[in-house]
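[1] curious how this folds, go ahead:
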Amino acid sequence: MKLKEICRSVEERTGERCTPAMINNYERVGLIPPPPRTKGGTRIFSEEYARLISRIVELKSRYLRLEAVKEILEREDALKSGRQDVPDGGFPAKAERKAEGRRAEIVDAAILSFSQKGYHETKISDIAERIGCGVGTIYNYFPGKKNLLLAAVDGIIDIVLEKMDRINEIEDNPIARIRKKGLAFLGNYNQIKDIMFILEGEAVGEDADFSSKAATLIAKYTGAMIEDLDDAIHKGLIRDIDSKAASYELFGMILMMGYLISQDNRYSPETLVDNIADALLNGILIKE
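    Below is the predicted model of the structure:
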């Protein structure tokens, strides 16, 4: 495979972006050995390269620094070849679990710090102090604060989606699911609101990466709402409406409810979700 071909192959395998510049960098820093070349100088990548680069891309998608990726690959290579000089930590699975555990700990601390102090006011040293490690440990996993924020957003998205998945498993009624998902979102509002403001440019200015993450967060939540509304339409519980438009209306109202709760402790999430159900859903419910 030539360079562009292996990029396509890796993207198909992992579902993650892979560019020639990324592969060039992996070769430069020693994550992959130099591939053989044709007489004309064109690099030719074998299937083994495709597997190795896919593994690197997978590990990098977890926001691990290249140093951490290299350590995991070395452990895996040592085990595969049957060598006895496996670095401390033993098996690569154990090493990877340890790295993932530390990474998750850093992300959790970052979410708390960003939510409490804001993006600009938070320093890497604040996050390190929160979990009792050195600043260098943070940089072993994340190149900078921006990467840490992006990982924090992914963490919040995962939390909300996990709760939504559990709701889908235990609740058959789509109207009840919508209510419970609204409550789940409000339960994480204090974390979400500050990061949403950052992503929308309130704190960090124009940035395509942050805008993309904001769009992802909104799409994940509204997508779940669209499925529930379509299910409710199919079951004859509500009128045939534009479920996409309604999902964004619900999302916007829930955001404003979260703001109200944060400003006035007389209101509870349950009360406000019931109010929005009365205001919006009763207008589209099919009357018996």
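[2] for whatever residue is furthest in space from the centre of the chain, what are its contacts?
    Most distant from the centre of the chain: K39, at 43.4 Å, with distances by Cα atoms, centre = their mean. Neighbour list for K39: empty [criterion: Cβ atoms under 8 Å, 6 or more residues apart in numbering]. Backbone N, C-alpha and C define where each C-beta goes, glycine included.
[3] would you double-check that it falls in a strand?
    No - using DSSP: H, G, I helix; E, B strand; the rest coil, the assignment for K39 is coil, not a strand.
[4] dihedrals phi and psi, it?
    The phi and psi values for K39, taken as degrees, to the nearest 10, are phi -60, psi -30.
[5] can you count the residues close to the nearest residue to M225 once chain neighbours are set aside?
    Ranked by Cβ to Cβ, 6 or more residues apart in numbering and with sequence neighbours excluded, the top spatial neighbour of M225 is S247, at 3.7 Å. S247 has 23 neighbours, counted by other Cβ atoms under 10 Å.
[6] in which helix or strand does S247 reside?
    helix 243-263 (DSSP states H and E).
[7] distance of the spatially closest residue to N173 that is not a sequence neighbour relative to A176?
    In space, and not counting its chain neighbours, N173 is closest to L237: 7.9 Å by Cβ to Cβ, 6+ apart. From L237 across to A176, the span is 10 Å (Cβ to Cβ, to the nearest Å).
[8] among these two, which residue is more densely surrounded?
    When L237 and A176 are compared on other Cβ under 10 Å, the one with more neighbours turns out to be L237, at 16 against 13.
[9] helices of the stretch 1-150 of the chain, start to end?
    Under the criterion DSSP state H, counting those that start in this stretch, the stretch 1-150 of the chain carries helices at the ranges 3-14, 20-28, 47-60, 66-81, 92-117, 124-131, 135-141, 145-170.
[10] other residues contacting the first one?
    It refers to helix 3-14. Helix 3-14 has contacts (Cβ under 8 Å, 6+ apart) with 1, 16-20, 23, 43, 45, 49-50, 53-54, 57-58, 61.
[11] what's the angle from that helix to helix 20-28?
    90 degrees (axes from the mean of the first three to the mean of the last three Cα atoms, to 10 degrees).
[12] how about helix 3-14 as CSV, C-alpha atoms only?
    The C-alpha coordinates for helix 3-14 follow below in CSV (Å, rounded to 0.1, in the frame of the first residue of the first chain):
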residue,chain,number,x,y,z
LEU,A,3,0.8,6.3,1.8
LYS,A,4,-2.7,7.5,0.9
GLU,A,5,-3.9,3.9,0.6
ILE,A,6,-2.7,3.0,4.1
CYS,A,7,-4.3,6.1,5.5
ARG,A,8,-7.7,5.0,4.1
SER,A,9,-7.1,1.5,5.4
VAL,A,10,-6.4,2.7,8.9
GLU,A,11,-9.5,5.0,8.9
GLU,A,12,-11.7,2.1,7.8
ARG,A,13,-10.2,-0.1,10.5
THR,A,14,-10.4,2.4,13.4
